[in-house]
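In: Provide a 3D model corresponding to the input given below.
(chains A and B)
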Amino acid sequence: MVFSSETFLFLFLPIFLVVYYLTPMRYRSITILTGSYIFYGWWRVDYLALLFATTLWTFVIGKRIGDAATPGVSKFYLIVGLTGCFAVLGVFKYLNFFIDSFAALWGTDASSLGIHWRLILPIGVSFYVFHSVSYLMDVYRKDARATANFFDFAAFIALFPQLVAGPILRFKDLTDQFSYRVHSIDLFVTGTTIFFIGLSKKVLFADTVAPIANMAFQGENPSAILSWIGSIAYMMQLYFDFSGYSDMAIGLGMMIGFHFRPNFDTPYISRSITEFWRRWHISLSVWLRDYLYIPLGGNRLGNLRTYINLVLVMFLGGLWHGANMTFVLWGLWHGAWLAAERAMGLAVGKSYIRLFTTLLIVLIGWVMFRAASVAQAFDIYSGMMGRNGFYGQGDNFTREGLLFLTAAVIFAAFERRVNLFSTQYFQPVNNNLNWRNTAVPSVLISLLAIVTVMKLAEQSFSPFLYFQF
Amino acid sequence: MQFMLQSCRLALPIIFFGYGFFGNAYALFTSSIDLPMSSDDVLSGGLTRSIEEEYKKTLPHFDISYSVIGAARYAALHEARSGAWVGAKGVLFTSEEMRVGVPDMISTALVEIEAIKHQLAQRGVSLVLVPVAAKIDVMSSFADDNISANAMANIYSMFVQTAISKNIPVIDAHADLITSALPVFFATDTHWTPHGARITAQAAAKVLPLGALEFGYGAETYKRITGDLIRFVTADRMAPRIGLQQETVVRAPLRARAQPQDIFAQESVDIALIGTSYSANPDWGFADALMFALRRDVVNFAAVGQGPVQPMRDYLAQPVPTGQNGPRVVLWEFPIRYLTDPTLWDDPPHPLPALPAQVVSNG
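Out: Prediction:
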């Protein structure tokens, strides 16, 4: 199930909220757990077993770490726990990749080696494994206490607002909220508003520019105009899809009293790659910093080691995104730039030139990130350099796509100012209500929600099913 | 006053969840859903996917959204949704005619067609190709996209020339269709008009030997149709409000005027027509036009919605007719735009899937 579906919006969410608010507070973790398992099992019931097994494993190991008599025993259980968690990731996410890579070394493919099965990638496995890893490490470091409440913990791991697309949460940040959280009409209304802002970003921007991006990445020898416009379209699609989902997750959390930290902070106004990674997928950056960069030594072991750590962390960060060499190279690209900025003292940028160079570096990286293969990425790069001509047959951009792409670029550029304006203009000060800070934003967000829901329905309508040539 | 202001802030949740309640009640009382229930479907998510597909169609806003947003897109931007393009004066074209072909598509097609020709020859049957030019080629003056129009024209030309070079007879009506004074394609439909079908049939009469039957046409009838491309713009009932009117099909039933002199002669139908909805749909009257022009009986094996290849494969899979009763000539109506479909010769052939929106989560 995805948030941007009628089944979630009009069936699952209303029923879940009704059941949730009818449940006494002390049992609400069970309600969250049940609802989350229904949400996840909607995709595939059989993969619930993996989610449950990972949860149980982490919970039991966490208790062992917490109860360990000596640091040595604690460390032992940490290693066992992490091995189990990464084994899940390694098998279900990367086994197909390793098999294909191994076969490629022999100049063949997997089926020629007698391997005819393929593992299905469980949705959300990267996120819930990272949640599990962070919990074990926090307990080991004594940043968090091992919980004795299995339902709270299981509800945290399976928490449906963030299960399939983040933000990456940490149990120590939420454990108090599982015990006690405030529910209010204001919070619920705010959560609903943020949810629909996120849904609008996804439906009106991301989904509308997606066809332009797909045009660039599905053919061969794209023209210059297709390469550039398609890449920029993907840049917008990825941001609004991902940040939209994060907003929806934050909004859903608020509807049930949880407060999640923002996951994006207008990343496309960054003036250095260093700044970009403080604004993009913030929960991942923080996770990588706390659980990978710092344990590797961070910047405490000299300049060279710092640069190596940066590259290594981004390499692993790239690999986390997917089992493909393109993600690895994307990670290395960003790691190299992070290291270079640090080495040259360019981590902070101020000028518009730095803004555009940062956007260019990010765009080049996104091309590799999106491409199905390294070869396809270089095909796009060739197109960008004009080697396939300026314009080609098949460069059929729709006015709708270009219009929404333009709107998306403008919004991404001025999103910070829009947020500031909204906060200043539409938020009541000292609970002083007037038509401007009640009726106006309500009407605007309601209209936006209606248009978004209608667009969602319209773009899923498939005439081909209704008639045939 | 404060109460009203406070209440304003609740507008969004009230509208959203209120509609959810109303929509579900509406769906519950007005719809029924048939779902697959095998254990495999339950475990693998097939059941839930079916529920999702069926559920959204039951909600009251589904059809309204499609028609309103589609109409707004057409009125404001002069565009249709993915699958169709809007030309001048409300002429609609299918996006299939804008597909970029692969370099060897024609040679691949002719290899397959040659193989079919030989299969038919083993039965004593001759194959004659009837390529149908793309609408964007014939009506290029209404298309904004000259590149695609020229590309389709080039594909037609190369296809015909290559077929002729391989001794495959071709009915080439391209020039006649382009120079026709009357419309040969409907403005809002993918298909040719009965006039376009007749022009093609007359071109066939210049190539094939004529028979002895005589046919005539009865009184004309008029039928209003909604073009199949309109549904890529908006709902049928909304279309007239944005200038997309229904079109009129003028048909005249075919009548046999004379019978063979030998009343004891066995009836034989020596022409089989195979193809797509261009031939299968009686509204366009292509089979009738062929009978009239060729003065021979034509049996129609064309099928709707399967492309040009599958009906031919189905025909070849049939038992070979015995004696002198089987068709001696197969006319294979073949819309040129299908040549750019990379799945055309797959077995079974399938249409290009709709491109899904990018899923951000990588697992």
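In: Helices of the stretch 101-250 of chain B, residue ranges please.
Out: Here the stretch 101-250 of chain B has its helices, by DSSP state H, counting those that start in this stretch, at B:105-121, B:135-138, B:146-165, B:174-179, B:194-205.
In: ranking these by burial, who's on top?
Out: Counting by mean count of other Cβ atoms under 10 Å in any protein chain shown, helix B:135-138 has the highest mean neighbour count of those, with a mean of 28. Heads up, the C-betas are built off the backbone N, CA and C, glycines and all.
In: List the contacts of residue A:324.
Out: Shown in contact with residue A:324 (Cβ atoms under 8 Å, 6 or more residues apart in numbering or on different chains): A:97, A:372, A:373.
In: circling back to that earlier point, quick check: which of the helices of the stretch 101-250 of chain B is nearest to residue A:173?
Out: With distances scored as Cβ to Cβ, the stretch of the helices of the stretch 101-250 of chain B nearest to residue A:173 is helix B:146-165 (54.8 Å).
In: so how far is that closest one from its chain's centroid?
Out: Computed by Cα atoms, centre = their mean, to the nearest Å, the separation of helix B:146-165 from the middle of its chain amounts to 20 Å.
In: residue contacts, residue A:199?
Out: Contact criterion Cβ under 8 Å, 6+ apart gives A:3, A:4, A:244, A:248, A:449, A:452, A:456 as the residues in contact with residue A:199.
In: That one sits in which helix or strand?
Out: Counting by DSSP states H and E, the element that carries residue A:199 is helix A:185-200.
In: Please export the alpha-carbon coordinates of that helix; PDB is fine.
Out: As requested, the backbone C-alpha atoms of helix A:185-200 are provided in PDB (Å, rounded to 0.1, in the frame of the first residue of the first chain):
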ATOM      1  CA  ILE A 185      -7.200  18.800  17.500                       C
ATOM      2  CA  ASP A 186      -4.600  21.400  16.600                       C
ATOM      3  CA  LEU A 187      -2.000  18.700  16.200                       C
ATOM      4  CA  PHE A 188      -4.300  16.600  14.100                       C
ATOM      5  CA  VAL A 189      -5.200  19.500  11.800                       C
ATOM      6  CA  THR A 190      -1.600  20.400  11.400                       C
ATOM      7  CA  GLY A 191      -0.700  16.800  10.600                       C
ATOM      8  CA  THR A 192      -3.500  16.600   8.100                       C
ATOM      9  CA  THR A 193      -2.300  19.800   6.500                       C
ATOM     10  CA  ILE A 194       1.300  18.600   6.300                       C
ATOM     11  CA  PHE A 195       0.100  15.300   4.900                       C
ATOM     12  CA  PHE A 196      -1.700  16.900   2.100                       C
ATOM     13  CA  ILE A 197       1.100  19.300   1.300                       C
ATOM     14  CA  GLY A 198       3.300  16.200   0.900                       C
ATOM     15  CA  LEU A 199       0.700  14.400  -1.200                       C
ATOM     16  CA  SER A 200       0.400  17.500  -3.400                       C
END
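In: Show the subsequent helix or strand relative to that helix.
Out: Once helix A:185-200 ends, the next helix or strand along the chain (criterion: DSSP H and E) is helix A:207-218.
In: For that following helix, which helices and strands make contact with it?
Out: Packed against helix A:207-218, as judged by 3 or more Cβ pairs under 8 Å, 6 or more residues apart in numbering or on different chains; DSSP states H and E, are the following elements: helix A:224-255, helix A:374-384, helix A:399-426, helix A:439-459.
In: hmm, who's touching it?
Out: Residues external to helix A:207-218 that are found in contact with it (Cβ under 8 Å, 6+ apart): A:4, A:222, A:226-227, A:229-231, A:233-234, A:236-237, A:240-241, A:370-372, A:376, A:380, A:383, A:394-398, A:400-402, A:404-405, A:408, A:455, A:459, B:82, B:355, B:357-358.
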